[in-house]
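[1] okay, structure incoming, though there's no sequence with it:
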């Protein structure tokens, strides 16, 4: 019963994240008032918070190391993107270093679990290896960025990168729930391959508009 209720909350929050992501992106593409972008971004972020919390509850009721690690990875992207938006002084706080540490540990856990999966002929090991490398790389680059202070254009670009990456993660979760692929890891990786080039496009578009 507890699992079912949590699952429905998880699904509802997931729909909210997709609507928020769509709103945040469209308000920038069509240059709507900035406040609309803020409201959409809040819907996306707080939806991701609920998705993350419900994921932790569900993976504690029905242990699933794969989904547990993926949920940490996805929320890390949303959290760092949100922090780049609200932390205008660019000085890392305690919560920022905690998130970097957790992502670094989770990334290492992804690599170890991914290798173990492949040894036991579970092709989802490919997904964990790729996302683990991305997570470790992002946490490392974010650590260096905080040492230099994330302000001005660098802060906005960081916000775009991480929020778009979190959006890709949300879309991926939706797709793998509704589509099947053989091998399974293709459905997990395809959105990252297809949509990642949009990130530099948004950054360039923003710089041209400014």
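    On my side now, so go ahead. Worth saying up front: this structure is predicted, and the values here are computed from it rather than measured.

[2] for residue 47, helix, strand, or coil?
    helix (DSSP: H, G, I helix; E, B strand; the rest coil).

[3] what about it, distance to residue 170?
    To residue 170, residue 47 is 8 Å away according to CB to CB, to the nearest Å. Quick note: C-beta positions are derived from backbone N, CA and C, even for glycine.

[4] which neighbours do those two share?
    Common neighbours of residue 47 and residue 170 (criterion: CB atoms under 8 Å, 6 or more residues apart in numbering): 14, 17.

[5] quick one, which of these two is more surrounded?
    Between residue 47 and residue 170, counted using other CB atoms under 10 Å, residue 170 has the larger neighbour count: 25 against 22.

[6] near the spatially closest residue to the more buried one that is not a sequence neighbour, how many other residues are there?
    Leaving aside its sequence neighbours, residue 170 sits nearest to residue 17 (CB to CB, 6 or more residues apart in numbering; 4.7 Å). By the criterion of other CB under 10 Å, residue 17 has 27 neighbours.

[7] try residue 1
    By the criterion of other CB under 10 Å, residue 1 has 5 neighbours.

[8] one more: residue 5?
    Counted with other CB under 10 Å, residue 5 comes out at 11.

[9] give me the distance between it and residue 61.
    Taking CB to CB, one finds residue 5 at 11 Å from residue 61.

[10] got the contact list for residue 102?
    Residue 102 is in contact with 72, 76, counting by CB under 8 Å, 6+ apart.

[11] make it 7 Å
    residue 72 (CB atoms under 7 Å, 6 or more residues apart in numbering).

[12] find me the pLDDT at it, would you?
    pLDDT for residue 102: 95.

[13] can you check residue 209 too?
    57.

[14] please apply the same query to residue 205.
    Per-residue confidence (pLDDT) for residue 205: 67.

[15] again, but for residue 158
    pLDDT, read off for residue 158, is 90.
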